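> this one's sequence-less:
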């Protein structure tokens, strides 16, 4: 089991084929890469929907050096730069392209982005794929703009055009216009029946299109995908989608440098996507760097992203480290050197973290049906986009291991995603341990679960909820410590004014700026199903920030230990020790990342229940070095402090 480097780049077809072949062959060998993915008509070379003559020209011009690479043992794949079109980018349709433009929820039509139902465009695009399929290549990638969201300058995306409305009527018998449809599907309260019918229709027609391309490309069909919460607003049935391609390129990390606070969200995003992907699909997570080069994303962070992909069980890496402008790879030779230096460690990670391993920890459920079931509180189609797993920022910041795969004994629900789950799922989680933020608790109360979560009343918190004071010594850093829930950090509408059941345990109270008690805070409850529930008065989702401090770290730690019996893994002793646990029952792996700019040393790791003490402790540095370390009394004994984006791997086999 080894890694695989797929280097994604674009070459100007006007360049001399011999010189291009020399450059790319040298680059692949220096970088220790197995494959070159050739981008066609991307970004600065994009002229809208390219004529078949221009496509033939590009294929003819690049064929000599593509053939040479394959003869030298380097695999080659193709990535056409667009399907329906990413954005208009000041392009216009050509005279022989009278296709239906993509249309947004307000009736605004794109200039060059097309409706995926247009029969003329479908015929055209199938013909382009036939041309690509005739080439001697290992894969042909369908670009991510096959999605329905994120099509500038449209509002959210599309398509709400006349073709879609007519086909919707033909398939369902429902006659409506765009204004009526959008108003019904985004109306507040219980979802209108049309919403599920429309999302099912969108998803079905998109999968039909992808399946038709699979008939042309076979198992050479590759598909990129975006974030699960965004795809929920277009109704994507993930399991059905990922039955279609032979290869999958999931997006999970920012294109540019991000802060350490983004690491938990990136890891969860990839874990959720991998959870719905069959083992037969080849997973090549996207290592996207745009704009290109170290000024945009450091090698240190790029290596962390590549490491995370391997820890979560990939088959290789789709790497956009080189630009799409046709510049020479040796303009920055350090890129190939970087890839070569890390290759042995990525091969080691591939062997250490096979695809059979599954994450375990505090469960962060998510559902592809969120867009169908959420009760909207905002206007427009964007109201169907609901964050999945918002607890991950807080829990990982405090060192708690989490999983996005389901099946956990302790789970954490947050925000409007609580609408997405049926009664059987909720009762199952309520029979174990369940952490609810303020919004999820209010939704469950509205759904009739008050007696099982320990509340007799739940409403939005009034103005003046300023600070939470910990009163229960069993759930506090110390009695009397304060945690801010100020109006600058939290939406007042998201705060909870709870009325606890008489037998509930109240562990904190809320005071206003004058010190007056205005309500209860943390509520803990043992319910009649035998489960334990903890309700916080504040939301887990705070856009753009993770609101953690020593007082909240201690409070959350005691709450989660009360819910789980202290059976889940956790790292303590420094901020931002992001912890992951993976197992197949016989093999255990714990990874502790340092997501903080400050070095970490002398921290403790509580192993998960069932894991023997580690027989191997390996520290991985930002240069890809693997350093042996020792283990003593819950501490990894490192030879040097752990820097940001570095990690420790603890391994034991039963």
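It's in. None of these values were measured; they are calculated from a predicted model.

> Strands of the stretch 501-650 of the chain, start to end?
Along the stretch 501-650 of the chain, the segments classed as strands by DSSP state E, counting those that start in this stretch run 505-506, 508-511, 517-520, 523-526, 532-535, 570-572, 577-583, 587-594, 604-606, 616-620, 626-632, 635-637, 647-653.

> between those strands, which gets nearest to residue 405?
Of all these, strand 577-583 sits nearest to residue 405, with 10.0 Å by Cβ to Cβ. In this view, the C-beta of every residue, glycine as well, is placed from N, C-alpha and C.

> Mind listing the strands that closest one pairs with, and their directions?
Using DSSP bridges, strand 577-583 pairs in its sheet with strand 358-360 (antiparallel), strand 587-594 (antiparallel).

> Need these in a markdown table (columns: distance to residue 410 and mean pLDDT).
Converted to a markdown table, the strands paired with strand 577-583 look like this (distance: least, Cβ to Cβ, whole Å; pLDDT from 0 to 100):
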| stretch | distance to residue 410 | mean pLDDT |
| --- | --- | --- |
| strand 358-360 | 11 | 98 |
| strand 587-594 | 17 | 98 |
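
> Out of these, the one nearest residue 31 is which?
Using Cβ to Cβ, those put strand 587-594 closest to residue 31, at 25.2 Å.

> In contact with residue 238, which residues?
Residues near residue 238 by Cβ atoms under 8 Å, 6 or more residues apart in numbering: 228, 231, 273, 276, 368.

> Tell me which of these fall in helices.
Counting by DSSP state H, these place 228, 231, 273 in helices.

> Show me how this protein divides into domains.
As recorded under automatic domain parsing, the domains making up the chain are 1-81+246-354, 360-565, 572-653.

> Nearest to residue 204, out of the ones you listed?
Nearest of the domains of the chain to residue 204, taken as Cβ to Cβ: domain 360-565 at 13.4 Å.

> so how far is the closest one off the chain centroid?
Here the centre of domain 360-565 is set off from its chain's centre by 22 Å, with Cα atoms, centre = their mean, to the nearest Å.

> any low-confidence regions in this structure?
Flagging of the chain using pLDDT under 70 yields the residue ranges 462-465.

> angle of the helix or strand hosting residue 336 against strand 647-653?
Using DSSP states H and E, residue 336 falls within helix 334-352. In terms of direction (axes from the mean of the first three to the mean of the last three Cα atoms, to 10 degrees), helix 334-352 departs from strand 647-653 by 20 degrees.

> which secondary structure elements does helix 334-352 contact?
Secondary-structure packing of helix 334-352 (3 or more Cβ pairs under 8 Å, 6 or more residues apart in numbering; DSSP states H and E): helix 17-31, helix 299-311.

> Grab the nearest non-local neighbour of the spatially most central residue of the chain.
Central residue of the chain (Cα atoms, centre = their mean): residue 269, 2.4 Å from the mean position. Excluding the flanking residues, the one nearest residue 269 by Cβ to Cβ, 6 or more residues apart in numbering is residue 252, at 4.3 Å.

> Quick check: buried residues in stretch 374-391?
For stretch 374-391, a neighbour-count test (16 or more other Cβ atoms under 10 Å) marks 374, 376, 381-391 as buried.

> Same check on stretch 195-214?
For stretch 195-214, burial by neighbour count (16+ other Cβ under 10 Å) applies to 195-199, 201-203, 205-207, 209-210, 213-214.

> Kindly report the same for stretch 42-53.
For stretch 42-53, by 16+ other Cβ under 10 Å, it's 42, 45-46, 48-50.

> for stretch 93-107, same thing?
Residues of stretch 93-107 classed as buried by neighbour count (16+ other Cβ under 10 Å): 93, 97, 99-105.

> Tell me the spacing between the closest residue to residue 338 other than its chain neighbours and residue 496.
Spatial nearest neighbour of residue 338, chain neighbours left out: residue 299 (5.0 Å); criterion: Cβ to Cβ, 6+ apart. Distance, residue 299 to residue 496, using Cβ to Cβ, to the nearest Å: 44 Å.

> Out of these two, name the residue with the larger neighbour count.
residue 496 (28 against 21; other Cβ atoms under 10 Å).

> can I assume that one is in contact with residue 436?
No - with contact defined as Cβ atoms under 8 Å, residue 496 and residue 436 do not form a contacting pair (9.3 Å).

> so what's in contact with these two at the same time?
Contacts common to residue 496 and residue 436, judged by Cβ under 8 Å, 6+ apart, are 535-536.

> thinking again about what came up before, distance to residue 173 for the domains of the chain - can I get that in TSV?
Formatted as TSV, the domains of the chain follow (distance: least, Cβ to Cβ, whole Å):
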stretch	distance to residue 173
domain 1-81+246-354	31
domain 360-565	20
domain 572-653	48
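
> closest to residue 139 out of these?
Nearest to residue 139, of those and by Cβ to Cβ, is domain 1-81+246-354 at 3.9 Å.
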